[in-house]
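[1] Requesting a structural model of the entry that follows:
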Amino acid sequence: MRHLCSALLVGFLTATMAFPPQLLMAQEAAPPAAVSELPGLNYVPDNAVGVGYVKAHRFLTNPIVKAYPVEVAEAFGKKYLGLNPMKITSITFVITPPTPDFPSPDMFSIVKTSESLNEETFFAGIEELADGMAGEDEIEEFFPDLKGKAFYTDAYEFDYLAAHMVDEHTFMLGSMGLMGEIVAAGPNAELTKPAETLAAANDGADGFIALNMAPIRDQLNGMLSQQQIPPPFAMYKQVPNYTESVTLSCYSTNKFAAKLKINGVDEAATGRLDDMIGFGLELAKQAMLSEADKMVNSEDEVEAAMGRYQVRVSQSMIDALRPKKEGNSLVLSFEQSEENIAGAHVAVIGILVALLLPAVQAARSAARRVQSTNNMRQIGIAMHNFHDTFRGLPAYAKTDAEGKPLLSWRVMILPFIEQNAMFEQFRMDEPWDSEHNKQFINQMPEIYRRANSTAPEGYTTYLVPVGKNMVFEPNPKPTPEGQKFTVGTGLHQILDGTSNTAMLVEVNDDAAVIWTKPSDLEVDLMNVWKGLGEAQPGGFNGLFCDASIRFISKNAGADFLKNWFQRDDGKPLQFPEE
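    Predicted coordinates:
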């Protein structure tokens with residue numbers, strides 16, 4: 001039960017100290033509210049970074065809300081808070097800038113309620129829910145004028161929270177240190193500029209928030225100056241210098257409407273902000289179209305259809321997100337109507353599609369990784385069948401009688417991957433690029449192509465590691481005339497064990513080779529990662545000499561690869577975490 005009550009407390013604190021997460025429901029038309037409806041305007045400090053309000057009664061009295069357990073909320077409020085949260089009429093909230101003593105933005109709210117508050121029962125039961133209560137000494141030091149309670153909750157770990165009665169219909173809620181200073185200073189004789197912003201915005205909107213750039217501009221510039229941002233995105237470092245404030249108003253009278261305004265410091269700055277937004281949207285559009293084009297060409301019908309949809313609606317999405325320039329402001333407005341509901345749906349669906357793309361890509365990557373694993377498994381089986389037939393694995397190259405490499409091992413195992421007809425057409429005594437043999441370059445079997453490879457046609461990324469003391473030695477022995485195959489290392493020579501030694505790897509696309517060419521991964525033990533690590537997201541697949549396959553993560557150290565590549569170094573193989 002305590003967990004439930006604690007959850008309700010967190011929800012109440014969140015609702016009274018920030019914009020509520022629920023969208024305001026459409027209401028009947030209401031006249032613009034009077035300034036006096038906003039509580040505590042004269043407590044808003046001049047250095048406020050953010051200010052806002054919520055007309056709570058607009059949605060708490062909505063019939064739809066009655067479908068929720070309001071009885072529980074009322075009972076909870078009466079027992080622990082000494083007030084009925086369903087009687088709250090409006091909330092004004094204030095965000096203050098970081099300070100040397102408090103390096104994070106702080107926050108407090110002023111809450112107005114239609115019922116009368118009683119000082120004796122106000123937050124009287126909070127001790128049962130709080131994780132701790134402030135001591136008298138702490139209250140005397142930081143908030144001696146407190147009329148209420150100060151308590152600690154894990155939901156707000158920066159300071160004690162204080163609930164302070166201002167009058168019988170108004171209370172404040174926020175960090176004890178900040179509110180102690182605000183209350184001690186007393187109400188301002190005149191409204192500060194942030195308070196005036198709130199008052200001016202109080203034109204019937206059900207919710208409003210304004211973020212003021214001036215108090216944190218220097219801090220933001222300092223943070224951005226330390227960031228390495230590549231061109232052309234470096235221009236966005238100037239956003240704090242061009243921006244005066246950002247406001248968002250939400251209306252729910254008859255129809256839902258919202259207005260976002262980005263206010264520049266002057267007309268020229270607004271123009272630069274407009275250019276930046278336009279540039280960013282154009283990049284987003286091009287990225288969407290680029291990804292959509294890939295999907296359009298997919299063999300998967302559903303994915304191709306998703307790509308066609310993305311192409312069709314991309315411009316509508318960008319247009320829906322492009323603000324209009326009005327003086328020194330960029331304004332993005334939405335008002336519920338049949339036309340813009342459709343436009344909004346396009347934007348929302350498009351955004352959902354964009355959010356789904358990573359999942360689609362992850363699924364595609366997983367499928368391609370599985371397909372690559374199957375390719376490698378077939379190659380491994382072919383290698384073992386070759387070994388069973390010739391008492392040794394194929395050398396990395398078919399050689400002539402003098403030991404000159406002519407053709408790749410990939411050609412020699414063709415009979416073992418159901419490609420004997422192609423194998424019989426090769427002239428095994430001629431090199432891979434002879435006039436006759438080069439005709440087969442563009443006839444590479446699918447088993448040698450990784451699904452996500454961007455290598456040119458006829459290039460493969462399935463290579464054997466070649467080097468001294470490895471399964472595939474750099475200088476294969478000469479092949480007697482008339483013999484079609486060059487036999488290399490036998491499994492009995494793999495002294496570290498077949499389950500600990502590399503047979504085949506997926507290399508990066510830029511390390512791909514022509515499949516018939518006697519060229520593979522020449523391992524440099526001083527740089528073992530050369531050509532590796534990008535075949536799959538996060539690493540590459542590796543085939544072991546026992547024909548098993550494991551994913552080799554980028555987290556694998558150089559020592560692992562060194563031990564794995566060598567067949568007789570006698571060192572234990574410690575498998576890395578994926």
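[2] so what's the nearest residue to residue 46 once chain neighbours are set aside up against?
    Closest residue to residue 46 apart from its sequence neighbours, by CB to CB, 6 or more residues apart in numbering: residue 192 at 4.2 Å. Quick note: C-beta positions are derived from backbone N, CA and C, even for glycine. Contacts for residue 192 (CB atoms under 8 Å, 6 or more residues apart in numbering) come out as 44-46, 48.
[3] Please, a ChimeraX command that selects the buried ones among those residues?
    Provided next is the ChimeraX selection string for whichever of those are buried by 16 or more other CB atoms under 10 Å:
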select :44,45,48
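[4] Now for the contacts of residue 192: which two are most distant?
    44 and 46 (8.1 Å; CB to CB).
[5] what sits in contact with each of these two?
    192, 194.
[6] What pairs with the top strand by length along the chain, parallel or antiparallel?
    If you go by DSSP state E, the chain has its longest strand at strand 156-167. Here strand 156-167 is paired, per DSSP bridges, with strand 148-153 (antiparallel), strand 170-175 (antiparallel).
[7] Adding mean pLDDT, write these out as TSV.
    Shown next, in TSV, are those (pLDDT from 0 to 100):
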stretch	mean pLDDT
strand 148-153	89
strand 170-175	91
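[8] looking at the ones you listed, which is closest to residue 455?
    strand 148-153 (57.8 Å).
[9] now what about that closest one, what contacts it?
    With CB under 8 Å, 6+ apart as the criterion, strand 148-153 contacts 6, 9-10, 13, 119, 122-124, 126-127, 129-134, 138-139, 143, 160-165, 171, 176.
[10] what does stretch 293-300 give?
    By CB under 8 Å, 6+ apart, stretch 293-300 touches 303-304, 306-308, 310-311, 360.
[11] So which of the residues you listed sits lowest on pLDDT?
    Among those, residue 360 has the lowest pLDDT, at 50.
[12] Just the element for residue 277, please.
    helix 267-296 (DSSP states H and E).
[13] Flag every buried residue along that helix.
    Quick answer for helix 267-296 (16+ other CB under 10 Å): 269-270, 272-274, 276-277, 281, 288-289, 291-292, 295-296.
[14] Which strands or helices does the next helix-or-strand element following that helix pack on?
    Downstream of helix 267-296, the next assigned helix or strand under DSSP H and E is helix 301-321. Contact partners of helix 301-321 among helices and strands, from 3 or more CB pairs under 8 Å, 6 or more residues apart in numbering; DSSP states H and E: helix 267-296, helix 338-390.
[15] Among those helices, show the one with the smallest mean pLDDT.
    Among the helices and strands packed on helix 301-321, helix 338-390 scores lowest, at a mean of 69.
[16] Are we agreed that residue 108 is in a strand?
    Yes - judged by DSSP: H, G, I helix; E, B strand; the rest coil, residue 108 forms part of a strand.
[17] Quick check: bridge partners of it?
    Going by DSSP bridges, residue 108 forms beta bridges with residue 94, residue 174.
[18] contacting residues for it?
    17, 93-94, 96, 172-175, 178-179, 182.
[19] Can I get those in CSV including neighbour count and distance to residue 538?
    Output for these, formatted as CSV (neighbours: other CB atoms under 10 Å; distance: CB to CB, whole Å):
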residue, neighbour count, distance to residue 538
17, 21, 41
93, 25, 43
94, 26, 45
96, 22, 43
172, 25, 50
173, 22, 46
174, 26, 45
175, 23, 43
178, 22, 45
179, 28, 49
182, 23, 51
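[20] List just the nearest of these to residue 369.
    Nearest member of the contacts of residue 108 to residue 369, counting by CB to CB, is residue 17, at 46.3 Å.
[21] so what pLDDT did the closest one get?
    50.
[22] ditto for residue 487
    92.
[23] Which phi and psi values does it adopt?
    Main-chain dihedrals, residue 487, degrees, to the nearest 10: phi -90, psi 140.
[24] Now that it has come up, it's in contact with residue 396, right?
    No - using CB atoms under 8 Å, residue 487 is not in contact with residue 396; the gap is 11.6 Å.
[25] show me where this structure has helices.
    Remark: helices assigned in the chain by DSSP state H are 2-17, 56-60, 70-76, 136-142, 176-185, 193-201, 217-225, 239-242, 267-296, 301-321, 338-390, 409-412, 420-425, 558-565.
[26] deepest of these, which one?
    helix 409-412 (a mean of 26; mean count of other CB atoms under 10 Å).
[27] What is that helix packed up against?
    strand 397-399.
[28] Give me the distance from the strand it packs on to the chain's centre.
    49 Å (CA atoms, centre = their mean, to the nearest Å).
[29] and that strand, what does it pack onto?
    Strand 397-399 packs on strand 405-408, helix 409-412, going by 3+ CB pairs under 8 Å, 6+ apart.
[30] Of those, which is nearest residue 565?
    helix 409-412 (16.6 Å).
[31] hmm, who's touching that closest one?
    386, 394-398, 423, 426, 432, 448, 460, 462, 464, 472, 484-486, 515-516, 518, 520.
[32] Which ones among the residues you listed map onto strands?
    Short answer: the contacts of helix 409-412 in strands (DSSP E) are 397-398, 460, 462.
[33] got a list of contacts for stretch 122-134?
    2, 5-6, 9, 79-83, 147-154, 160, 162-163, 165, 171, 176.
[34] Quick check on the residues you listed: which are buried?
    Buried among the contacts of stretch 122-134 (16+ other CB under 10 Å): 6, 9, 80-83, 147-153, 160, 162-163, 165, 171, 176.
[35] what residue ranges in this structure score low on pLDDT?
    For the chain, applying pLDDT under 70 flags the ranges 1-37, 100-103, 253-255, 336-367, 576-578.
[36] residue contacts, residue 243?
    Contacts of residue 243 by CB under 8 Å, 6+ apart are 213, 262-265, 269, 273.
[37] and the gap between it and residue 489?
    Noted for residue 243: a distance of 67 Å to residue 489, by CB to CB, to the nearest Å.
[38] and what of residue 546?
    On the measure of CB to CB, residue 546 and residue 489 end up 14 Å apart.
[39] which of the two has more neighbours?
    residue 489 (21 against 16; other CB atoms under 10 Å).
[40] Settle this for me: that one is touching residue 466, isn't it.
    No - counting by CB under 8 Å, residue 466 is not a contact partner of residue 489; they are 11.4 Å apart.
[41] Now for the two: what residues contact both?
    In contact with both residue 489 and residue 466: 472-473, using CB under 8 Å, 6+ apart.
[42] got a list of contacts for stretch 228-237?
    221, 224-225, 227, 276, 279.
[43] Could you rerun that using 10 Å?
    For stretch 228-237, the external contacting residues (CB atoms under 10 Å, 6 or more residues apart in numbering) are 220-221, 223-225, 227, 272, 275-276, 279-280, 283.
[44] what's the answer for stretch 421-433, then?
    By CB under 10 Å, 6+ apart, stretch 421-433 touches 397-398, 400-401, 404-408, 411-417, 434-441, 443-445, 479, 481-486, 514-519.
[45] measure it end to end?
    Using CA to CA, to the nearest Å, the end-to-end distance of stretch 421-433 comes to 20 Å.
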